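1. Give me a 3D structure for the following:
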Amino acid sequence: RSLTCSKKSSLRFRPRVSRITRARRTVGLLQNFLSFAYAETTVMTPQTLTTENPVTLFPANRIKETHADSNSFRAIFESVPVPMWVYDSETLRFAFVNDAAVTQYGYSRSEFLKMTIKDIRPAEEVPRLVDYLQWQDHSQIPRMSWKHRRRDGSVIDVEVNGTKIVMGGRPMVVATANDVTECRKMQRAMHSETERLKVVMHQLPAFVWTTDKQFIYTSYEGSIPSLMTDSLSEMVGRSVLSLANAQSPSDEIKRRYRAALEGRPTSYEYVSEGKTFDCHLQPLLDASGAITGTVGIAVDVTERKRADGAVALQQALLVSSQQLAHLGSWELDPATNVAIWSSELYSIMGHPRSDTALTEDSFWSHVHPNDLGVVRQAIEQSMQTGSAFRLEHRIVRADGAVRWILGTGELRGDAAGNGQRLLGSALDITDRKDGEDRLERMVSTDPLTGLPNRLGAERFIARGISEGESRHRSIAVITLDIDRFKMINDGL
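-> Here you go, the predicted structure:
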């Protein structure tokens, strides 16, 4: 607001007016001025004032005063920033044009005055203009959208409105032409984008809707489920409570929409006749930010839910199978050193569950100290060569118990080496190892004394020789004969 001071030194506020608003007010003032300033006579009688004669009846002194100020009004006419002209309503020839028209259309003033309003229109617009002029019988010409052609041949969109007047005994029209080309381009672009979005929405398993504060649908776009309505026109005007069912009772629906009207968005799941929708509801705001209703979006997740259910079932079967087989699985990301263990691997290792992320050290902490070197060598060789590894080794559970596992693993990733992950499994073979040890003792030891028999002695000596050769050491074998041992043994 601008602060001005009157002659009486009293302060008053006057609102700031935009350039376009000032131009429109000036145009209106000029139209009113021209409607009587150039009247054919100074005084008109009721007999001469007919519907075909749009001139307003004014006192003679008012007409004279207006003629006296015509120069100042003509100056205003010339300075209006909107293209403006006066043309003969019978011949359609231009009588006056202002500077804005000359600038906008590119014709000189003399060229304008040799032309008619048909000459500034493309050829295809002329028949429409002729039809329009034939039916035009009102003093106030309504605002119309037209296409005009400038001197350089370019075509612009304009909105034209005007008023019929009489000048020098001739019926005339004073009109303004507002260039709305850019506005029309934006409107067409917005319309095109809206139509494109509509096409996209109808191809997606989703729909968007709005409601007023009384929970009545005001708009609806997208793939309309057959369970709700047969056509879009049937949806608008209906109440959202018409969708109430056992899974979504009317009280629950009211609670959701009231929350949205209070500014609290809400998400929920809507299920009906075998279909499942993930829905989100939030307030619908106008340009000032006031809540005028609600806007919601629903996505059909029926197939996703089925797929999730199938995955969950497979996961449950996998867990059960691993539990039955005492088989655990694991995954390690070498880049981040983050490991993932299956539920059964936790049980095999006796590792406590916690929120702390698993790492490579979580595994190494359970490998038996005597087997640590062999296991490290196998895994490092697998990561260097890309080959799989498979070996049996011992682990130490968190409770101190020693168990045997069959460990396998392989490095996975693309050909470029991106996204490499080490995947593996651990099969608990403790029971098998215990059975093998019992069988070994039965075969290689004397059942009475528990001492090695001939086969046990041979295997013992063979292991000693093998270890000696691997360490480049010599070994010695000492044989002790116990006198009459066989007699004593047979007598027991």
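2. C-alpha from now on. contacts and neighbour counts both.
-> Noted.
3. Run a quick check on residue 358 versus residue 342, I expect a contact.
-> No - assessed by Cα atoms under 8 Å, residue 358 is found out of contact with residue 342, at 11.4 Å.
4. can you list the weak-confidence ranges in the stretch 1-150 of the chain?
-> Scanning the stretch 1-150 of the chain for pLDDT under 70 picks out the ranges 1-73, 136-140.
5. Give me the helices and strands touching the helix or strand residue 438 falls within, please.
-> Residue 438 belongs to helix 430-444 when elements are defined using DSSP states H and E. If you count contacts as 3 or more Cα pairs under 8 Å, 6 or more residues apart in numbering; DSSP states H and E, helix 430-444 packs onto strand 402-412, helix 454-470.
6. how many neighbours does residue 444 have?
-> Neighbours of residue 444 under the rule other Cα atoms under 10 Å: 20.
7. same deal with residue 126?
-> 16.
8. what's the answer for residue 263, then?
-> A count of nearby residues for residue 263, using other Cα under 10 Å, gives 15.
9. check contacts around it.
-> By Cα atoms under 8 Å, 6 or more residues apart in numbering, the contact list for residue 263 reads 282-283, 291.
10. one more time with 7 Å
-> residue 283 (Cα atoms under 7 Å, 6 or more residues apart in numbering).
11. Next: residue 92.
-> Residue 92 makes contacts with 116-117, as judged by Cα under 7 Å, 6+ apart.
12. Check the spacing between it and residue 171 real quick.
-> Applying Cα to Cα, to the nearest Å, the value for residue 92 to residue 171 is 10 Å.
13. What of residue 119?
-> Residue 119 is 20 Å from residue 171, by Cα to Cα.
14. So if I had to pick from those two, which one is more boxed in?
-> The neighbour comparison of residue 119 against residue 171 (other Cα under 10 Å) goes to residue 171, with 20 against 17.
15. Bridged to that one, which residues?
-> With DSSP bridges as the criterion, residue 171 is bridged to residue 166.
16. and stretch 323-343, average pLDDT?
-> Stretch 323-343 comes out with an average pLDDT of 86.
17. How about stretch 178-196?
-> Rounded mean pLDDT across stretch 178-196 is 87.
18. Using neighbour counts, pick out the buried residues of it.
-> 178-180 (16 or more other Cα atoms under 10 Å).
19. and it, how far from the chain's centre?
-> 23 Å (Cα atoms, centre = their mean, to the nearest Å).
20. rank the helices and strands packed on helix 430-444 by mean pLDDT and give me the bottom one.
-> helix 454-470 (a mean of 82).
21. Touching that one from outside, list them.
-> Taking contacts as Cα under 7 Å, 6+ apart, the residues outside helix 454-470 that touch it are 444-445, 474-475.
22. Can you lay out those as TSV showing distance to residue 461 and pLDDT?
-> Compiled in TSV, the contacts of helix 454-470 are given as follows (distance: Cα to Cα, whole Å; pLDDT from 0 to 100):
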residue	distance to residue 461	pLDDT
444	12	82
445	14	83
474	12	83
475	9	82
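23. Buried among those? Need that as a selection in PyMOL.
-> This is how PyMOL selects the buried members of the contacts of helix 454-470, with burial counted by 16+ other Cα under 10 Å:
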select buried, resi 444+445
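24. Show me which of the contacts of helix 454-470 is closest to residue 128.
-> residue 444 (114.2 Å; Cα to Cα).
25. For that closest one, give its distance to residue 437.
-> Applying Cα to Cα to residue 444 and residue 437 gives a distance of 10 Å.
26. Please verify my assumption that residue 175 contacts residue 85.
-> Yes - counting by Cα atoms under 7 Å, residue 85 is a contact partner of residue 175 at 5.6 Å.
27. List of residues touching the helix or strand encompassing residue 323?
-> Using DSSP H and E, residue 323 maps to helix 302-325. Outside helix 302-325, the residues within contact range by Cα under 7 Å, 6+ apart are 275-277, 328, 344.
28. Apply 8 Å and report the result again.
-> Residues outside helix 302-325 that contact it (Cα under 8 Å, 6+ apart): 274-277, 328, 342-344, 427.
29. repeat for stretch 182-202
-> 157, 207, 221-223.
30. For residue 143, state which of the residues you listed is nearest.
-> Nearest to residue 143 among those is residue 157, at 13.0 Å by Cα to Cα.
31. got a list of what residue 383 touches?
-> Contacts of residue 383 by Cα under 8 Å, 6+ apart are 410-411.
32. same question, residue 262
-> Applying Cα under 8 Å, 6+ apart to residue 262 gives the contacts residue 283.
33. Can you show me the helices along the stretch 101-250 of the chain?
-> Under the criterion DSSP state H, counting those that start in this stretch, the stretch 101-250 of the chain carries helices at the ranges 109-113, 126-134, 181-203, 232-235, 250-261.
34. Would you mind putting the ones you listed into CSV with distance to residue 387 alongside?
-> Converted to CSV, the helices of the stretch 101-250 of the chain look like this (distance: least, Cα to Cα, whole Å):
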stretch, distance to residue 387
helix 109-113, 89
helix 126-134, 82
helix 181-203, 47
helix 232-235, 60
helix 250-261, 57
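35. Alpha carbons of stretch 335-354, as CSV, please.
-> Output of stretch 335-354 as CSV, limited to C-alpha atoms (Å, rounded to 0.1, in the frame of the first residue of the first chain):
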residue,chain,number,x,y,z
ALA,A,335,33.3,-54.3,0.5
THR,A,336,31.3,-53.4,3.7
ASN,A,337,32.3,-56.4,5.9
VAL,A,338,28.7,-57.0,6.7
ALA,A,339,27.5,-60.6,7.2
ILE,A,340,24.0,-62.1,7.2
TRP,A,341,23.3,-65.4,8.9
SER,A,342,20.2,-67.6,8.7
SER,A,343,18.3,-68.5,11.8
GLU,A,344,19.8,-72.1,11.8
LEU,A,345,23.3,-70.8,11.6
TYR,A,346,22.8,-68.8,14.8
SER,A,347,21.7,-72.1,16.4
ILE,A,348,24.6,-74.1,15.1
MET,A,349,27.1,-71.5,16.2
GLY,A,350,25.3,-70.9,19.5
HIS,A,351,25.8,-67.2,18.7
PRO,A,352,23.5,-64.8,20.7
ARG,A,353,21.1,-62.7,18.6
SER,A,354,21.5,-58.9,19.1
